[in-house]
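> what would the 3D arrangement of this be:
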Amino acid sequence: MILVLPLIFGFLWGYVLKHAINWLSIDDFQLAISNPVLEILCASFFFWSFSSLSFEDAVIFSLISSTLCAIAIVDLFTMQIPLLFILDSLFVLLVSILLGYITWSSALLGIFVGAIIPAVIMVFTGLVTKRQGMGYGDIQLGIVLGAWLGPLRMALTLFGASLLSLITWVAISIFKGFDTNRALPFAPFLSVSGIGLYIVNFYYPELFQLALSG
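So this is what the prediction gives:
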């Protein structure tokens with residue numbers, strides 16, 4: 001019975017996020033109310049976290065991962081990241097830091113890896129190539145992910161997201177033809193990589209300890 005509650009709350013939170021997406025209506029993008037994908041994903045996040053993590057970590061994971069999922073969906077269809085969801089995530093993380101569940105050092109180092117370094121690279125490559133690989137929304141998302149995951153997992157998240165986006169780009173190019181100007185939204189890859197690495201780290205922490213020691 002206790003584990004049924006996270007499923008219910010997760011489904012309801014997904015419903016709230018769906019209405020927030022439709023209220024924002026970025027580029028007139030709407031999620032059909034009858035489409036339960038977001039609710040199912042959020043319910044899955046809530047169920048896993050509350051059955052596997054401590055209560056505090058479960059709250060943080062379920063809220064952040066659900067919002068990341070909403071961000072990924074919007075960016076996938078509009079190539080834009082809602083500022084509302086960024087601010088919502090930052091509020092959750094700030095409260096978590098103030099309550100001591102996330103350390104300031106981990107959050108700040110994670111932000112440096114996830115946002116500051118990519119921002120510098122983005123500016124430099126923009127000046128050299130006159131093209132922008134990452135958007136400002138991706139940098140904002142890097143702040144969220146960096147504060148949540150810390151420096152090591154954030155670095156691996158960036159690598160994983162880049163690898164996933166490259167594989168996807170190649171796969172699309174095989175079927176639709178190669179186009180060097182074809183742009184892909186990066187937030188879905190960041191979100192999938194970040195959530196996936198968090199879960200992998202939970203089950204196989206020795207892999208991350210090995211990466212840190214190496």
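
> any low-confidence regions in this protein?
By pLDDT under 70, the weakly predicted segments of the chain are 1-2, 125-133, 180, 208-214.

> mind checking the SS state of Asn35?
Classification of Asn35 using DSSP: H, G, I helix; E, B strand; the rest coil returns coil.

> from Ile73, how far off is it?
10 Å (C-beta to C-beta, to the nearest Å). C-beta coordinates here come from the backbone N, C-alpha and C atoms, glycine included.

> who's more crowded, the two?
Legend: neighbour count by other C-beta atoms under 10 Å for Asn35 and Ile73, higher for Ile73 (21 against 11).

> ok, for that one, nearest residue in space, not its chain neighbours?
Leu38 (6.7 Å; C-beta to C-beta, 6 or more residues apart in numbering).

> the one you found reaches Cys69, doesn't it?
Yes - counting by C-beta atoms under 8 Å, Cys69 is a contact partner of Leu38 at 6.6 Å.

> anything in contact with each of the two?
Leu17 (C-beta atoms under 8 Å, 6 or more residues apart in numbering).

> check which helix or strand the residue most central in space within the chain maps to.
Central residue of the chain (C-alpha atoms, centre = their mean): Ser191, 2.8 Å from the mean position. Secondary structure assigned from DSSP states H and E places Ser191 in helix 187-203.

> give me the distance from that helix to the chain's centre.
8 Å (C-alpha atoms, centre = their mean, to the nearest Å).

> what residues sit buried inside it?
Neighbour counts over helix 187-203 (16 or more other C-beta atoms under 10 Å) mark 187-195, 197-199, 201 as buried.

> now do stretch 169-182
Buried residues in stretch 169-182 (16+ other C-beta under 10 Å): Trp169.

> which residues touch that stretch?
Leu184.

> got the end-to-end distance for it?
8 Å (C-alpha to C-alpha, to the nearest Å).

> in what helix or strand does Ser96 lie?
Element membership for Ser96, per DSSP H and E: helix 83-98.

> and that helix with helix 187-203, angle?
With axes from the mean of the first three to the mean of the last three C-alpha atoms, to 10 degrees applied, the angle from helix 83-98 to helix 187-203 works out at 30 degrees.

> count of neighbours near Ser25?
Neighbours of Ser25 under the rule other C-beta under 10 Å: 10.

> same deal with Ile139?
A count of neighbours around Ile139, defined by other C-beta under 10 Å, yields 16.

> quick one: it and Trp148, what's the gap?
Counting by C-beta to C-beta, the gap from Ile139 to Trp148 is 15 Å.
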